[in-house]
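Chemist: Give me the fold of what follows.
(one chain, ligands or ions: 1)
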Amino acid sequence: MLYDDVHKRWVPAGSEAPSISRVHIYHHPGANTFRVVGRKLQADQQNGRRLLRAMVINCPIVKGIKYNQATPNFHQWRDPKHVWGLNFGSMEDAALFADSMMHALQAL
Ligand SMILES: CC(=O)N[C@@H](Cc1ccccc1Cl)C(=O)N1CCC[C@]12C=C[C@@H]1CC[C@@H](C(=O)N[C@@H]3C(=O)N4[C@@H](C=C[C@H]3C)CC[C@H]4C(=O)O)N1C2=O
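Modeler: Numbers count the residues shown, from 1 in each chain. Below you'll find the predicted structure:
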């Protein structure tokens with residue numbers, strides 16, 4: 001999700017329709033960079049053709065960001081332009097993601 005600062009509300013990232021997505025943290029060892037990448041689980045169907053599973057988040061993990069575990073299954077962080085929020089399907093998913101995020105932030 002992205003926070004719409006104008007209207008003071010969370011909006012689904014990547015499209016108008018809220019969707020279940022799979023979110024990964026990718027590490028580029030060469031450059032030692034990390035990024036959060038998420039794609040919708042459900043491929044969009046349009047005129048019968050299966051389209052790519054839309055990207056909903058593709059955001060570099062910047063050294064020094066503060067990762068806020070606001071609730072056991074809603075975590076959020078700021079980048080220069082956006083505030084991102086992840087509503088996890090389970091507290092276990094949330095804890096796994098947070099561990100990876102913390103690992104990435106320590107490795108930067
Ligand atoms: C200093 C700073 O930047 N502080 C940021 C947080 C922050 C701190 C430290 C480092 C980074 C960041 Cl990012 C801040 O406070 N921010 C960032 C933008 C938004 C917010 C500002 C105001 C609102 C008030 C309510 C609150 C909120 O959104 N709570 C959630 C919530 O209302 N929802 C989401 C789920 C659960 C709740 C937890 C799911 C959908 C919706 C809902 O439950 O329907 N807010 C924030 O978190």
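Chemist: going forward, measure contacts between C-alpha atoms and count neighbours the same way
Modeler: Will do.
Chemist: The ligand contacts on this structure?
Modeler: 3, 10, 66-68, 70-71, 74, 76-78, 83 (C-alpha under 6 Å from any ligand atom).
Chemist: From those, pick the one nearest residue 96.
Modeler: Of all these, residue 74 has the smallest distance to residue 96: 12.7 Å, by C-alpha to C-alpha.
Chemist: Where does pLDDT dip in this structure?
Modeler: Low-confidence segments of the chain, defined by pLDDT under 70: 45-48, 50-51.
Chemist: And the residue of it closest to the ligand?
Modeler: The ligand sits closest to residue 77 of the chain, with a gap of 4.1 Å, by C-alpha to the nearest ligand atom.
Chemist: Looking at strand pairing, list the partners for that residue.
Modeler: residue 84 (DSSP bridges).
Chemist: Check the gap between it and residue 64 for me.
Modeler: 11 Å (C-alpha to C-alpha, to the nearest Å).
Chemist: out of those two, which sits in the more crowded spot?
Modeler: residue 77 (17 against 9; other C-alpha atoms under 10 Å).
Chemist: hmm, back to that, how about the residues of the chain next to the ligand, which pair is most distant?
Modeler: Pairwise over the residues of the chain next to the ligand, using C-alpha to C-alpha, the maximum falls at 10 and 66, 18.8 Å.
Chemist: Which residues are in contact with the residue of the chain closest to the ligand?
Modeler: With contact taken as C-alpha atoms under 8 Å, 6 or more residues apart in numbering, residue 77 is in contact with 65-68, 83-85.
Chemist: what bridges to the closest residue to residue 55 other than its chain neighbours?
Modeler: In this structure, residue 55 finds its nearest non-sequential neighbour in residue 39, 4.3 Å apart by C-alpha to C-alpha, 6 or more residues apart in numbering. For residue 39, the beta-bridge partners under DSSP bridges are residue 22, residue 55.
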